[in-house]
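[1] I need the structure of the sequence given here:
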Amino acid sequence: MDTPDLKNPELYINRQLSLLEFNRRVLEQARDPANPLLERVKFLCIASSNLDEFFEIRVAGLKQALEMGASQTGPDNRSVQEVLREIGSRAHEIVALQYELLNEELIPALNDTGIHFLRRGEWTPEQATWVREYFYRSLLPILSPLGLDPAHPFPQVLNKSLNFIVSLEGKDAFGRNSGLAVVQAPRALPRIIQLPPEIAGNGAWDFVFLSSIIHAHVNDLFPGMNARGCYQFRVTRNSDLYVDEEEVDDLLRAMEGELPSRRYGDAVRLEVAANCPEHMSDYLLEEFELGRDDLYQVNGPVNLNRLLAVYDLVDRPELKYPSFTPGLPAQLAHASDLFKVLRDRDVLLHHPYESFAPVVEFVRQAAADPEVLAIKQTLYRTGPDSVIVDHLVAAARAGKEVTVVVELRARFDEEANIKLANRLQEAGAHVVYGVVGHKTHAKMILVVRREGARLRHYTHLGTGNYHSRTARLYTDYGLFTADPVIGEDVHKVFLQLTSLGKVSTLSKLLESPFTLHEGMLAKIEREAAHARAGRPARIIVKVNSLVESRVIRALYAAATDGVEIDLIVRGMCCLRPGVRGISENIRVRSIVGRFLEHTRAFYFANGDTPELFCSSADWMERNFFRRVETCFPVEDPELRERIVTELQCYLDDNCQAWELQPDGSYRQCTPAEGEPLRAAQLELLRHHAEGG
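    Just a heads-up that it's a prediction; the model follows:
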């Protein structure tokens, strides 16, 4: 039989189009009437925010590649122009679905429950009076309408800011009449304003958009003139930061200097109100140097993500997911000394089903324990008010050796990370920014404790960030262990990050950019060898993205040798399952639900000696070759079996799972007749959470 060509472009799905399809699956959560109403609104906002980032980073990157003369985008061998055209077609379709959903389903349903977005023509006299007073009190003093003429050129427009282009007639005080003006909405004011209860109808939750207030009083901004038209617009810009790390002496200062430029990067998308006249849209496109394909006309607010404010403002528990209390492993439920627990056995946490509090408590106890000599930690995203950082500051001030590897280039968290780095340095902590050319994405805490005449290492290794808020929204695994071999491995990784020297040999951990990629390839090939020898051979992988072509080729080759492969891939997946003679043994599914799936777990049957690893790394080029990542074994048989059982729960999901088809589309799973509903996230909530 002829050996198949595993580099055939037809075997690969374009990564950018795959990511766009993930956003369509998120949007489907907003369309699903089984979800609580305000959660559906929230999913709509998430889809809008995801699409913003897609344009800011992905589309912007493709446009840059096109300008630099790049011809192809990856192993699928599609041209940059072709991918951009396909993105435009699919993105316009998704945007149309978003606004159709908002106007035809969500707003009517919200109205039925007493939550109203009031249009100008719906205001009562009392509401109109209140809005007018709000305009004069809070808006007019800080608005700066800009008439456009040779002395007043088109203004700089901030990335994703709310703006209005206004057509005017008449002459101003100086006899000028350019016919056009731009009004920029103040960033300091909310985009949705709740009306006071005393003027809301029948105890309802009444809201008006800031854009409606500006529309209603736009004539007041141009005394003596008549505003013939006023139209919202928003421009999305390239938001990827560029810092040449080889050429800068101080990365922190360079990042601080680069951040403001993000607001004014090259334009990549223009959104305008649906009623904006064509000549106005053309004028804006010309100003931003965009083509007609970059124009998105929308029937509603140009930034749907602003609706998220309503979720927080409206106290209606029956319209949201039921609250739950995260559980705790039995050995931690009544433990006051984490170090004593870990000397006996490893502890595994699965967030958000289990509490993130033990991770915070681990750092707190280490900071307070006089026998702890040193704490080392990586920080990628932590949030602006991190309790973990508070404890690290306390430890440093208490005289402990505190070393923190802060990743300054964590996209969209750069500013927050710069602030926490400065705060830690002021407290006396050793702060480093990782390795030039490689983001530090590993999630590690190492505590060095004096116990009698010896020093013992206690470690926490995770798949997600040390961020208390996202730990309630993202699924992640975290492993506590006092295993001395793992502790020594983590110690060596920290030495790599903070000092200079050759690559250390690690005993149990795999590490990017050194051993993780080759390690995964070797384990995939080992499964193939087991299959060829007639031994049990199975692979289960759960990641956020599967993109790297050599790993995909290895999976294809293993499948042709008879390895059964199940891939749980939340977002981008470039592997094409179900191709005759190539990937018939490979199944790919994506789980989209209440929580953002973020765990990375890799199971290898390995004959009769199964192995399971968790990792901070997705299976992408950047994670294998351009980041510092760790991949750690879960060796406790009980904990390993627990993760395998949970992975099977995802594979059995028949409600929130989407199966990838050979043509690159996704099909939502539905239970067969008489089959019970099985939603993995709900089952895990019931299993782990208390009082859910």
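
[2] quick one: buried residues of stretch 137-157?
    For stretch 137-157, a neighbour-count test (16 or more other C-beta atoms under 10 Å) marks Leu139, Leu143, Pro145, Gly147, Leu148, Val157 as buried. For every residue, glycine as well, the C-beta is placed using N, CA and C.

[3] kindly report the same for stretch 279-290.
    Neighbour-count burial for stretch 279-290 flags Met280, Ser281, Tyr283, Leu284, Leu285, Glu287, Phe288, Leu290 (criterion: 16+ other C-beta under 10 Å).

[4] can you check stretch 68-83 too?
    Across stretch 68-83, burial judged by 16+ other C-beta under 10 Å covers Thr73, Gly74, Pro75, Asp76, Arg78, Val80, Val83.

[5] what's the offset of that stretch from the middle of its chain?
    When C-alpha coordinates are averaged (C-alpha atoms, centre = their mean, to the nearest Å), stretch 68-83 and its chain have centres 25 Å apart.

[6] stretch 284-295 too?
    28 Å.

[7] contacts for it?
    84-85, 88, 154, 157, 165, 233, 235, 266-270, 272, 281 (C-beta atoms under 8 Å, 6 or more residues apart in numbering).

[8] so where's the stretch 301-450 of the chain shaky on pLDDT?
    The stretch 301-450 of the chain contains residues with pLDDT under 70 at 409-414, 416-417.

[9] the same query, at a cut-off of 50, please.
    410 (pLDDT under 50).

[10] would you list the phi and psi of Pro277?
    phi -60, psi 150 (degrees, to the nearest 10).

[11] I'd say it and Gly229 touch.
    Yes - here Pro277 lies in contact with Gly229, judged by C-beta atoms under 8 Å, at a distance of 7.0 Å.

[12] mind checking the longest strand of this protein?
    The residue-count maximum for a strand in the chain (DSSP state E) belongs to strand 226-237.

[13] distance of the residue lying closest to Leu189 once chain neighbours are set aside relative to Val183?
    Nearest residue to Leu189, sequence neighbours excluded (C-beta to C-beta, 6 or more residues apart in numbering): Leu210, at 6.2 Å. Distance from Leu210 to Val183, counting by C-beta to C-beta, to the nearest Å: 11 Å.

[14] show me where the stretch 101-250 of the chain has helices.
    With helices called from DSSP state H, counting those that start in this stretch, the stretch 101-250 of the chain shows them at 107-112, 125-134, 210-216.

[15] make TSV from those and add mean neighbour count to it.
    Below are these laid out as TSV (neighbours: other C-beta atoms under 10 Å):
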stretch	mean neighbour count
helix 107-112	14
helix 125-134	15
helix 210-216	20
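
[16] would you mind saying which of the ones you listed lies nearest Leu596?
    Closest approach to Leu596 among the helices of the stretch 101-250 of the chain (C-beta to C-beta): helix 107-112, 24.3 Å.

[17] so how far is that closest one from its chain's centroid?
    The answer for helix 107-112 is 29 Å, by C-alpha atoms, centre = their mean.

[18] do stretch 294-302 as well
    Going by C-alpha atoms, centre = their mean, the spacing between the C-alpha centre of stretch 294-302 and its chain's C-alpha centre is 23 Å.

[19] next one: stretch 135-154
    35 Å.

[20] how about the contacts made by the residue nearest to Leu189?
    Leu139, Leu162, Ala185, Leu189, Pro190, Arg191, Ile192, Ile193.

[21] pull the residues that contact stretch 125-142.
    By C-beta under 8 Å, 6+ apart, the list of residues contacting stretch 125-142 reads 118, 123, 186, 188-189, 193, 195-196, 199, 206, 208, 210, 213-214, 216-217, 220-221.

[22] and it, how far from the chain's centre?
    With C-alpha atoms, centre = their mean as the basis, stretch 125-142 stands 37 Å off its chain's centre.

[23] dump it to CSV, restricted to CA.
    What follows is stretch 125-142, C-alpha atoms only, in CSV (Å, rounded to 0.1, in the frame of the first residue of the first chain):
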residue,chain,number,x,y,z
PRO,A,125,-41.5,63.1,29.5
GLU,A,126,-40.0,62.5,33.0
GLN,A,127,-37.3,60.2,31.4
ALA,A,128,-36.6,62.7,28.7
THR,A,129,-36.1,65.5,31.3
TRP,A,130,-33.8,63.3,33.3
VAL,A,131,-31.7,62.4,30.2
ARG,A,132,-31.4,66.1,29.3
GLU,A,133,-30.2,66.9,32.8
TYR,A,134,-27.7,64.1,32.6
PHE,A,135,-26.5,65.4,29.2
TYR,A,136,-25.9,68.9,30.6
ARG,A,137,-24.5,67.7,33.9
SER,A,138,-22.2,64.8,32.9
LEU,A,139,-21.7,64.9,29.1
LEU,A,140,-21.6,68.4,27.7
PRO,A,141,-18.8,69.7,30.0
ILE,A,142,-16.4,67.0,28.7
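
[24] can you redo the buried residues of stretch 279-290 as a markdown table with pLDDT and secondary structure?
    Converted to a markdown table, the buried residues of stretch 279-290 look like this (pLDDT from 0 to 100; DSSP: H, G, I helix; E, B strand; the rest coil):
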| residue | pLDDT | secondary structure |
| --- | --- | --- |
| Met280 | 95 | helix |
| Ser281 | 96 | helix |
| Tyr283 | 94 | helix |
| Leu284 | 96 | helix |
| Leu285 | 97 | helix |
| Glu287 | 94 | helix |
| Phe288 | 95 | coil |
| Leu290 | 96 | coil |
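
[25] picking that back up, tell me which of the contacts of stretch 284-295 fall in strands.
    Ile165, Phe233, Val235, Ala267, Val268, Arg269, Leu270, Val272.

[26] got the confidence number for the fifth one?
    Note for Val268: predicted pLDDT of 95.

[27] for the closest residue to Leu102 other than its chain neighbours, give me its contacts.
    Closest residue in space to Leu102, ignoring its immediate chain neighbours: Gly300 at 5.6 Å, by C-beta to C-beta, 6+ apart. Applying C-beta under 8 Å, 6+ apart, we find Gly300 in contact with Tyr99, Leu102, Asn103.

[28] quick one: Gly300 and Val485, what's the gap?
    57 Å.

[29] and Tyr458, by the same measure?
    13 Å.

[30] higher neighbour count, those two?
    Using other C-beta atoms under 10 Å, the more surrounded residue of Tyr458 and Val485 is Tyr458, with 24 against 14.

[31] what segments of the stretch 201-350 of the chain are strands?
    Here the stretch 201-350 of the chain has its strands, by DSSP state E, counting those that start in this stretch, at 205-209, 226-237, 267-273, 295-298, 347-351.

[32] quick one: closest of these to Pro317.
    The closest of the strands of the stretch 201-350 of the chain to Pro317 is strand 205-209. By C-beta to C-beta, the value is 13.8 Å.

[33] the closest one packs against which elements?
    If you count contacts as 3 or more C-beta pairs under 8 Å, 6 or more residues apart in numbering; DSSP states H and E, strand 205-209 packs onto strand 115-117, helix 125-134, strand 192-194, helix 308-313.

[34] nearest to Leu11, out of those?
    Using C-beta to C-beta, these put helix 308-313 closest to Leu11, at 39.2 Å.

[35] list the buried residues of the closest one.
    Leu308, Ala309, Val310.

[36] can you tell me what sits against that helix?
    Contacts of helix 308-313 (C-beta under 8 Å, 6+ apart): Leu38, Val41, Lys42, Cys45, Ile115, Pro190, Arg191, Ile192, Gln194, Trp205, Phe207, Lys320.

[37] who touches Arg191 in this structure?
    Leu162, Ala185, Phe209, Leu210, Ser211, Pro301, Asn303, Arg306, Ala309.

[38] run the last query once more with 7 Å
    Contact partners of Arg191, counting by C-beta atoms under 7 Å, 6 or more residues apart in numbering, are Leu162, Phe209, Leu210, Asn303, Arg306.
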